[in-house]
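**Q** quick one, what's the 3D model for this:
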Amino acid sequence: MNIREKLKDKKRIVIKIGSSSLTHKETGRLDLIKLEILVRELADLHNQGKEVIVVSSGAIAVGRAAMGIKEKPSRLSEKQACAAVGQARLMMIYQKLFAEYSQTAAQVLITKYTMVNDITRENARNTFQSLLDMGAIPVVNENDTVSTDEIEFVNTFGDNDTLSALVAALVDADMLILLSDIDGLFTDDPNVNPQAEFIDVVEKLDDHLMKMGKGSTGSKVGTGGMATKLSAARIATGAGADMVIANGADFHVIHKIMQGRKHGTLFLADKKEPNILQEIFENL
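**A** Down below sits the predicted model:
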């Protein structure tokens, strides 16, 4: 059995969907065809007996499009207003689509302070566990409407890359999949250097690899570049979860990854240390 074939046995999976994977590039509005495929993929994973948690970006982008705002708002209050509109629309559509496959979606909104505070972090952990025990599929996002740190500083969570890794650590997930508009990790930025080589598997995330993501930026829609994804990989693998960075242009890639096919870059989990969770959250 090769390394990737072991992914078939993963039980608790966190899947992060970037803003650019959910919206039409030309208009910023939701790509409903892709959303239907996404929900079908997730529902099928759930039907296989796997526990699924979705970390979904897109609230600000969806709200912006709904309100006819063409450019990214510069004022914090405008961003939060767009998030208020967009999050409601996004969750309504998730609920409707999951219901078509006899699944129940549950909204979970989190801020940085949810994670750094011992009491709220434990409450969040218990809520996730109860939802999974009930058979629900939690749909997680930053609480952009009331949060200030994350949006004001170009999303500390990096378009939910870091948030998804923290959720994976919090719930003891054994798999994290990051889907956005990049194919995976390269030795250099492939948009600039045509000689850049794709990296299939990362067995150990060292400082050299971390530096490789510093110059890479995100898309116009999202805020998460390669640096935030590598930071997420460090958190997830340190918490004992394997992680895959893959392109979300076609959401059918989800079942292909889980079947052990070669899609995206696979980061292998480290041996989980007893106090790793405390260290992760203390360093936020």
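**Q** going by C-alpha atoms from here, please, whenever you check contacts or count neighbours.
**A** OK.
**Q** what about the strands in the stretch 1-150 of the chain?
**A** With DSSP state E, counting those that start in this stretch, the ranges of strands along the stretch 1-150 of the chain come out as 12-17, 51-56, 105-110, 137-142.
**Q** nearest to residue 97, out of those strands?
**A** Nearest to residue 97, of all the strands of the stretch 1-150 of the chain, is strand 105-110, at 9.2 Å by C-alpha to C-alpha.
**Q** what strands flank the closest one, and is each parallel or antiparallel?
**A** strand 137-142 (parallel) (DSSP bridges).
**Q** now the angle from the strand it pairs with to strand 12-17?
**A** 50 degrees (axes from the mean of the first three to the mean of the last three C-alpha atoms, to 10 degrees).
**Q** strand 137-142 - what's its average pLDDT?
**A** On average, the pLDDT along strand 137-142 is 94.
**Q** run through who's touching it.
**A** Residues from elsewhere that reach strand 137-142, judged by C-alpha atoms under 8 Å, 6 or more residues apart in numbering: 51-57, 103-111, 128, 131-132, 160, 163.
**Q** give me the angle between that strand and strand 51-56.
**A** Calculated by the same axes, to 10 degrees, strand 137-142 forms an angle of 30 degrees with strand 51-56.
**Q** which residue ranges of the stretch 101-250 of the chain form helices?
**A** Here the stretch 101-250 of the chain has its helices, by DSSP state H, counting those that start in this stretch, at 112-116, 118-134, 149-152, 161-170, 207-212, 226-238.
**Q** nearest to residue 61, out of those?
**A** helix 149-152 (12.7 Å).
**Q** avg pLDDT for the closest one?
**A** 48.
**Q** if we can go back for a sec, and the strands of the stretch 1-150 of the chain as a markdown table, adding distance to residue 205 and mean neighbour count?
**A** Listed next are the strands of the stretch 1-150 of the chain as a markdown table, based on distance: least, C-alpha to C-alpha, whole Å; neighbours: other C-alpha atoms under 10 Å:
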| stretch | distance to residue 205 | mean neighbour count |
| --- | --- | --- |
| strand 12-17 | 20 | 25 |
| strand 51-56 | 23 | 25 |
| strand 105-110 | 27 | 18 |
| strand 137-142 | 26 | 23 |
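**Q** nearest to residue 193, of these?
**A** Short answer: strand 12-17, nearest of these by C-alpha to C-alpha, at 26.4 Å.
**Q** which other residues reach the closest one?
**A** With C-alpha under 8 Å, 6+ apart, strand 12-17 has contacts from 50-57, 160-161, 164, 167-168, 172-180, 248.
**Q** partner strands of that strand and their direction?
**A** Partners of strand 12-17 in its sheet, by DSSP bridges: strand 51-56 (parallel), strand 175-180 (parallel).
**Q** pipe those into CSV and attach distance to residue 42 per row.
**A** CSV is the format used below for these (distance: least, C-alpha to C-alpha, whole Å):
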stretch, distance to residue 42
strand 51-56, 7
strand 175-180, 12
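**Q** output the ones you listed in TSV, with distance to residue 281 and mean pLDDT appended to each entry.
**A** Formatted as TSV, these follow (distance: least, C-alpha to C-alpha, whole Å; pLDDT from 0 to 100):
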stretch	distance to residue 281	mean pLDDT
strand 51-56	18	97
strand 175-180	18	95
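**Q** looking at those, spot the one closest to residue 27.
**A** strand 175-180 (17.6 Å).
**Q** buried residues, that closest one. List them.
**A** Going by neighbour count (16 or more other C-alpha atoms under 10 Å), the buried part of strand 175-180 is 175, 176, 177, 178, 179, 180.
**Q** and that strand, how far from the chain's centre?
**A** Centroid displacement of strand 175-180 relative to its chain, using C-alpha atoms, centre = their mean, to the nearest Å, is 6 Å.
**Q** tell me the angle of it relative to helix 226-238?
**A** If you take the same axes, to 10 degrees, strand 175-180 sits at 170 degrees to helix 226-238.
**Q** who's in contact with strand 175-180?
**A** Residues from elsewhere that reach strand 175-180, judged by C-alpha under 8 Å, 6+ apart: 7, 10-21, 161, 164-165, 168, 229, 236, 241-249.
**Q** show me which of those are buried.
**A** The neighbour count (16+ other C-alpha under 10 Å) marks 7, 10-21, 161, 164-165, 168, 229, 236, 241-249 as buried among these.
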